[in-house]
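The following comprises the amino acid sequence and a computationally predicted model.
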Number of protein chains: 2
Amino acid sequence: MDKKALYSLSYGVFMLGARSGEKKNGCITNTCIQVANSPTRIAIAVINTNYTCDLIKESGVFTMSLLDQSITFETIKHFGMQSGRDVDKLDGLPLPEDENGVPYMNWGSCAMISAKVVSSQDLGSHTLFIGEVLDAKVLSENEPLTYAFYQSNIKPKPEVKKEDKKIVGWKCKICGYVYEGETLPADFECPLCGHGPDDFEPIYES
Amino acid sequence: MDKKALYSLSYGVFMLGARSGEKKNGCITNTCIQVANSPTRIAIAVINTNYTCDLIKESGVFTMSLLDQSITFETIKHFGMQSGRDVDKLDGLPLPEDENGVPYMNWGSCAMISAKVVSSQDLGSHTLFIGEVLDAKVLSENEPLTYAFYQSNIKPKPEVKKEDKKIVGWKCKICGYVYEGETLPADFECPLCGHGPDDFEPIYES
């Protein structure tokens, strides 16, 4: 078997949100397909060792935020490259919540799906959850992010030295909001996600 | 619920092959995700009224051919827009077969996966099959076909009138093979898929 053959399966990129009581978390996943109509059902596969997987097993509810091409690598890193067991990823991140209080993205996402688990199956490395869709919203007109687009356009490339160039703006590394101007005020708060100057990076003249 | 939100889920396009005894068939599907490692497992959702779904239920085996960007609309139409109950789609179409005798594509596909069903779940409109991967092969270096690419590039657009232009070649509508030359011999057989002149369309000078 040539496992590289499976790399040709096409996937999107999603922020999977979960909540159990006061515990909230989100992680980055690739696997979500619609598997039935009336009622509308989706299937997702989640790594068993993920904290998000525990929360979904406990509460039986989740959200999928369908990331779009405007997403930043910092957001992927925030949700996808640290564990909710070590860090409260929602701390200071004012995300909206669905009817079950489960957080979802309101930036960098073209749509959201809210679901409740109707069955689950442990497949060893992952658990497959079948979710009945409770709600779904279109959030933007941006193109959905595919895993292929993420690999070629969102994942950082080696940096070029830019320090001789003039700063023309500042971009929020969390949500992508752009402040126009050379100097970002020291007490600036991102109007989209509430983060401060430490989470902004300069935009240089081209 | 805004069902349009679910249109932003990203999918590939696949030829799902099935066989039960002497009955062989294939159809076009969009839903296939890897759901576990060691053993490697995939999940597929198949419409319950599809003939292919019946064959998979009977035999417990299937193949997924991961279509690539070189696929022709005629092939999609052949497998996706007629039923195996009315037409023998494999009749005269010499496709290779996996170890279980299940056909898969050897053109227009970048990879194939051969699987046996380890569990299934009836979800009303569709059945969700979990398949253990028995074999997988990379078939070409072409980019995998996504549903979005199919919609924008493979699905036919209204034709422009070309009859004043010179014919420079003939393209097989089934597999995409190109014969170079103005006149296609009347007894010509496509060296890739075995189809005759009726399945070729002219290529005009540009």
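Received it, and whenever you're ready, just let me know what you need.

going forward, measure contacts between C-alpha atoms and count neighbours the same way
Noted.

Quick one: name the residues of chain A near chain B.
A:1-6, A:8-12, A:31-38, A:45, A:66, A:110-113, A:123-128, A:134-138, A:143-144, A:146 (CA under 8 Å from any CA of the partner chain).

by contact count, what packs against the helix or strand harbouring A:Thr127?
Element membership for A:Thr127, per DSSP states H and E: strand A:126-138. When contacts are defined as 3 or more CA pairs under 8 Å, 6 or more residues apart in numbering or on different chains; DSSP states H and E, strand A:126-138 sits against strand A:41-47, strand A:109-122, strand B:32-36.

Just send the ones you listed back as a markdown table, with mean neighbour count and mean pLDDT too.
Below are those laid out as a markdown table (neighbours: other CA atoms under 10 Å in any protein chain shown; pLDDT from 0 to 100):
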| stretch | mean neighbour count | mean pLDDT |
| --- | --- | --- |
| strand A:41-47 | 24 | 96 |
| strand A:109-122 | 21 | 97 |
| strand B:32-36 | 24 | 95 |
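
would you list the ones you listed in JSON lines and tack on distance to B:Glu205?
JSON lines is the format used below for those (distance: least, CA to CA, whole Å):
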{"stretch": "strand A:41-47", "distance to B:Glu205": "47"}
{"stretch": "strand A:109-122", "distance to B:Glu205": "42"}
{"stretch": "strand B:32-36", "distance to B:Glu205": "39"}
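
still on that earlier bit, beyond the strand holding A:Thr127, next helix or strand please.
According to DSSP H and E, the helix or strand after strand A:126-138 is helix A:147-149.

Now do the next helix or strand after that following helix: everything it contacts.
Next in sequence after helix A:147-149, counting helices and strands by DSSP H and E, comes strand A:167-172. The contact list for strand A:167-172 (CA atoms under 8 Å, 6 or more residues apart in numbering or on different chains) reads A:177-184, A:190, A:195, A:199-205.

what stretches of chain A score poorly on pLDDT?
Of all residues in chain A, those with pLDDT under 70 make up the ranges A:158-163.

burial count for A:Ser10?
Residues near A:Ser10, counting by other CA atoms under 10 Å in any protein chain shown, number 24.

Could you look up the SS state of it?
What DSSP: H, G, I helix; E, B strand; the rest coil gives for A:Ser10 is coil.

residues touching the closest residue to it other than its chain neighbours, list them.
Closest residue in space to A:Ser10, ignoring its immediate chain neighbours: B:Gly12 at 4.9 Å, by CA to CA, 6 or more residues apart in numbering or on different chains. The neighbours of B:Gly12, taking CA under 8 Å, 6+ apart as the test, are A:Leu9, A:Ser10, A:Tyr11, B:Asn30, B:Thr31, B:Cys32, B:Leu66, B:Leu67, B:Pro144, B:Leu145, B:Thr146, B:Tyr147.

So chain A: which segments form each domain?
A:10-151, A:160-204 (automatic domain parsing).

ends of stretch A:152-167, how far apart?
26 Å (CA to CA, to the nearest Å).

Next, find the distance separating the residue of chain A positioned farthest from its centre from chain B.
Taking CA atoms, centre = their mean, the residue of chain A most remote from its mean C-alpha position is A:Asp164, at 33.9 Å. Using CA to the nearest CA, to the nearest Å, we find A:Asp164 at a distance of 39 Å from chain B.

same check, this time on A:Val118
Counting by CA to the nearest CA, the gap from A:Val118 to chain B is 10 Å.

wait, isn't that residue in contact with A:Gly131?
Yes: with contact defined as CA atoms under 8 Å, A:Val118 and A:Gly131 form a contacting pair (5.5 Å).

neighbours of A:Thr75, just the number please.
18.

Now it: phi and psi?
phi -70, psi -40 (degrees, to the nearest 10).

if I pick A:Leu184, what's in contact with it?
Taking CA under 8 Å, 6+ apart, one finds A:Gly169, A:Trp170, A:Pro197 in contact with A:Leu184.

Highest neighbour count among those residues?
Going by other CA under 10 Å, A:Trp170 tops these with 22 neighbours.

Look up the closest residue to it, ignoring the ones flanking it.
Nearest one to A:Trp170, counting by CA to CA, 6+ apart, is A:Pro202 at 4.5 Å.

now swap in A:Ser120 and tell me
A:Phe129 (4.4 Å).

For that neighbour, name its beta-bridge partners.
Bridge pairing for A:Phe129 (DSSP bridges) gives the partners A:Ile44, A:Ser120.

What is the neighbour count of A:Asp198?
10.

so when I look at it, I'm seeing a helix, right?
Yes: the assignment for A:Asp198, made by three-state DSSP, places it in a helix.

what sits against A:Asp65?
That one is not Asp; residue A:65 is Ser. A:Phe14, A:Met15, A:Leu16, A:Gly17, A:Tyr104, A:Met105, A:Ser109, A:Cys110, A:Ala111, A:Met112, A:Ile113.

from memory A:Cys194 sits against A:Pro94, does it?
Careful, residue A:194 is Gly and not Cys. Yes: with contact defined as CA under 8 Å, A:Gly194 counts as touching A:Pro94 (7.3 Å).

Assign the residue sitting nearest the centre point of chain A to helix, strand or coil.
Centroid-nearest residue in chain A: A:Met15, 3.1 Å away (criterion: CA atoms, centre = their mean). Under three-state DSSP, the three-state class of A:Met15 is strand.

if I read this right, it contacts A:Asn25, doesn't it?
No: taking contacts as CA under 8 Å, A:Met15 lies outside contact range of A:Asn25: 10.0 Å.

which residues touch the nearest residue to A:Leu67 once chain neighbours are set aside?
Nearest non-adjacent residue to A:Leu67, counting by CA to CA, 6+ apart: A:Ser109, 4.0 Å away. Taking CA under 8 Å, 6+ apart, we find A:Ser109 in contact with A:Ser65, A:Leu66, A:Leu67, A:Asp68, A:Ser70, A:Ile71, A:Leu139, A:Ser140, A:Asn142, A:Pro144.

Can you flag the buried ones in those?
Burial by neighbour count, 16 or more other CA atoms under 10 Å in any protein chain shown: within the contacts of A:Ser109 this picks out A:Ser65, A:Leu66, A:Leu67, A:Asp68, A:Ser70, A:Ile71, A:Leu139, A:Pro144.

What about these, which are in strands?
A:Ser65, A:Leu66, A:Leu67 (DSSP state E).
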